[in-house]
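> need a structure here:
(one chain, ligands or ions: 2)
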Amino acid sequence: MRHVQYLTRYTSEGVGTDVEEYMNAGGYVGLQRALALRPPEVVETVTDARLRGRGGAGFETGKKWSTVRTDSEVYLVCNADEGEPGTFKDRFLMERAPYLILEGMTIAAFAVGAHKGYIYIRSEYPRVISELQTAIDTARSTGVLGQDILESGFDFDVGLMPGGGSYVVGDETALLNSLMGNRGYPTLKPPYPTDRGLWDKPTVINNVETLACVPLIFSEGPEWFRSIGAPQSPGPKLYCLSGHVNAPGVYEFPMGVEVKELIEASGGVDGRFKAVQIGGTAGPVYDEAALDYKLDFASMKSVGGSLGSGAVVVMNTSVNMGHVLEVIMRFFSEESCGQCFACRYGTRQLEHMANEIASGTGREEFLGLMRETAEVMYHSSLCPFGQSIDLALTTLLDNFSDELRAHIGQQDYIREVMA
Ligand SMILES: Cc1cc2nc3c(=O)[nH]c(=O)nc-3n(C[C@H](O)[C@H](O)[C@H](O)COP(=O)(O)O)c2cc1C
Ligand code: SF4
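Ligands and ions are numbered 1, 2, ... in the order given. Purely as a prediction, here's the structure:
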């Protein structure tokens with residue numbers, strides 16, 4: 001499969017950051033076409049394109065937009081929290097193609113009847129925050145944001161909200177709490193944000209990359225979008241390659257590219273391939289069997305995994321899987337918001353057992369106990385964070401069982417591999 005340049009067409013130097021250049025390259029054609037339709041037709045077009053959310057869960061965007069309660073003021077939120085380790089595609093888009101995101105937000109707002117939108121952006125991206133503010137101001141003065149957009153009579157404006165540094169706030173319910181000035185705790189669903197979100201008003205939340213795909217659907221047509229990549233979740237996808245590859249970075253391919261094709265595109269493995277983690281820290285960890293896996297939502301689900309954000313972290317043979325286990329469990333333990341017992345206590349226990357295993361003082365029963373703990377968390381955690389540790393842990397224990405077992409009670413072995 002060959003790499004494509006549909007989103008990245010707008011990210012080349014100077015194109016996506018200058019409003020005139022962006023328009024010369026075809027920007028705002030999608031918005032013009034969408035504004036000529038009725039809002040329900042805009043939703044239908046996105047449904048017809050089969051766009052699925054790029055924020056991790058892969059929810060159908062058209063379906064989400066069609067469930068928005070319409071008897072009230074509606075808000076639109078762009079989720080730019082991007083705290084997932086190994087994920088930097090949203091930053092890439094915001095730095096290089098801010099107007100593409102603003103255009104996508106404006107089409108989404110028109111579709112669902114929102115007149116106010118927010119970009120909730122992680123505060124670790126200070127340069128992006130100031131550049132986005134400049135783009136918002138320029139879009140307003142150019143007539144593509146604010147009042148009477150493109151003389152259509154439609155009003156929509158966008159505000160920026162920097163986050164407070166929490167990973168869990170990337171979850172949509174926690175994000176809304178944070179936006180309202182509350183502690184960034186997730187809440188139980190239902191109610192879904194499309195029913196009761198910001199200040200109890202219906203709210204649509206979409207990821208940066210999802211919104212960046214929207215203008216293309218209107219400028220090129222939903223059939224065109226559907227013709228790209230995997231039939232069940234089509235369109236272009238930005239994959240983030242990091243770890244032991246020779247040229248880490250963001251690569252655009254049609255949905256459904258194979259892991260080995262992506263690694264090849266990123267300059268190949270630096271050393272000898274050993275493992276890959278897909279979709280972020282909560283994603284599955286595989287051995288070389290994954291090289292043939294196709295990276296789209298349905299294909300990853302069919303092998304018991306998940307695509308997540310599209311992060312691909314490659315590890316070579318220098319990596320000790322005991323250390324990987326420890327790092328993943330520490331991440332969960334540090335990032336748990338602590339609101340519910342199973343996750344607060346479970347993540348600490350998992351971190352403790354992982355530390356012991358990695359340092360050679362673990363016991364055989366820890367391997368089973370870790371699985372049981374993750375399973376209990378899966379069934380009793382309030383939000384997807386506590387439920388998601390199960391996949392990373394079980395794939396790691398299943399696919400690297402011999403190596404992890406070799407750590408049990410083997411301080412000499414550990415000293416040798418860490419030397
Ligand atoms: C712990 C946690 C962290 C998340 N972090 C992000 C994030 O950084 N960016 C994002 O877009 N979605 C994130 N999500 C998913 C959001 O809750 C939500 O599904 C997404 O923003 C919806 O957008 P989409 O439908 O366009 O994918 C996270 C979910 C969880 C549970
Ligand atoms: S599962 Fe974890 S992160 Fe989610 S609400 Fe409970 S304690 Fe917080």
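
> residues from the chain in reach of ligand 1?
With the criterion set to C-beta under 6 Å from any ligand atom, the chain comes near ligand 1 through 53-57, 59, 79, 81-84, 168, 170-172, 205-207, 210, 383-385. C-beta here means a position set from N, CA and C on the backbone, and glycine is covered the same way.

> now the buried members of the residues you listed.
Restricting the residues of the chain next to ligand 1 to buried positions leaves 53-56, 79, 81-84, 168, 170-172, 205-207, 210, 383-385, with burial counted as 16 or more other C-beta atoms under 10 Å.

> looking at the residues of the chain next to ligand 1, which are in strands?
Counted as lying in strands by DSSP state E, out of those, are Asn79, Ile205, Asn206, Asn207.

> distance of Ile107 relative to Leu145?
Ile107 sits at a distance of 12 Å from Leu145 (criterion: C-beta to C-beta, to the nearest Å).

> all strands for this structure, in order.
Under the criterion DSSP E, the chain carries strands at the ranges 74-80, 114-121, 157-162, 203-207, 236-243, 249-254, 273-278, 285-286, 311-316.

> select, out of the ones you listed, the one closest to Gly362.
Closest approach to Gly362 among the strands of the chain (C-beta to C-beta): strand 285-286, 18.0 Å.

> quick check: neighbours of the closest one in the sheet, parallel or antiparallel?
Strands that pair with strand 285-286, judged by DSSP bridges, come out as strand 273-278 (antiparallel).

> and the contacts of the partner strand?
By C-beta atoms under 8 Å, 6 or more residues apart in numbering, the surrounding residues in contact with strand 273-278 are 86, 243, 259, 263, 283-288, 290-291, 293, 295, 300, 305-308, 311-317, 319, 321, 324, 392, 399-400.

> please spell out the PyMOL selection for the buried subset of the residues you listed.
The following PyMOL selection, which keeps only the buried ones among the contacts of strand 273-278, applies the criterion 16+ other C-beta under 10 Å:
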select buried, resi 86+243+259+263+283+284+285+286+287+290+293+295+300+305+306+307+308+311+312+313+314+315+321+324+392+399+400
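
> can you say which of the strands of the chain is nearest to Leu37?
Smallest distance to Leu37 across the strands of the chain (C-beta to C-beta): 16.2 Å, for strand 114-121.

> list the buried residues of the closest one.
Across strand 114-121, burial judged by 16+ other C-beta under 10 Å covers Ala114, Lys116, Gly117, Tyr118, Ile119, Tyr120, Ile121.

> name the nearest of these relative to ligand 2.
Comparing the buried residues of strand 114-121 against ligand 2 with C-beta to the nearest ligand atom places Tyr120 closest, at 17.3 Å.

> these two touch, right, that closest one and Asp81?
Yes. With contacts counted by C-beta atoms under 8 Å, Tyr120 reaches Asp81, the gap being 5.9 Å.

> between these two, what contacts are shared?
What both Tyr120 and Asp81 touch, as defined by C-beta under 8 Å, 6+ apart, is the set Gly163, Val169, Leu175.

> of the residues you listed, which fall within the contact range of ligand 2?
Of the shared contacts of Tyr120 and Asp81, not one also sits near ligand 2 (C-beta under 6 Å from any ligand atom).

> what about those residues, which are in helices?
Using DSSP state H to define helices, the subset of the shared contacts of Tyr120 and Asp81 located there is Leu175.

> correct me if wrong: Leu216 contacts Phe225.
Yes. The pair formed by Leu216 and Phe225 meets the contact definition of C-beta under 8 Å, at 6.5 Å.

> those two - which one has more neighbours?
Between Leu216 and Phe225, counted using other C-beta atoms under 10 Å, the more crowded position is Leu216 (27 against 24).

> ok, now how distant is that one from Leu51?
Taking C-beta to C-beta as the measure, Leu216 and Leu51 are separated by 9 Å.

> for the stretch 201-350 of the chain, give me the ranges with low pLDDT.
Within the stretch 201-350 of the chain, not a single segment meets pLDDT under 70.

> give me the residue from it nearest ligand 2.
Counting by C-beta to the nearest ligand atom, the stretch 201-350 of the chain gets nearest ligand 2 through Cys343, at 2.9 Å.

> for that residue, the count of nearby residues, please.
Cys343 is surrounded by 25 other residues when neighbours are defined as other C-beta under 10 Å.

> confidence score at the closest residue in space to Ala311 that isn't next to it in sequence?
Sequence neighbours aside, Gly86 is the residue nearest to Ala311 in space, at 3.6 Å (criterion: C-beta to C-beta, 6 or more residues apart in numbering). At Gly86 the predicted local confidence, pLDDT, stands at 96.

> so Gly86 sits against Gly280, correct?
Yes. Between Gly86 and Gly280 there is a contact under C-beta under 8 Å: 6.2 Å.
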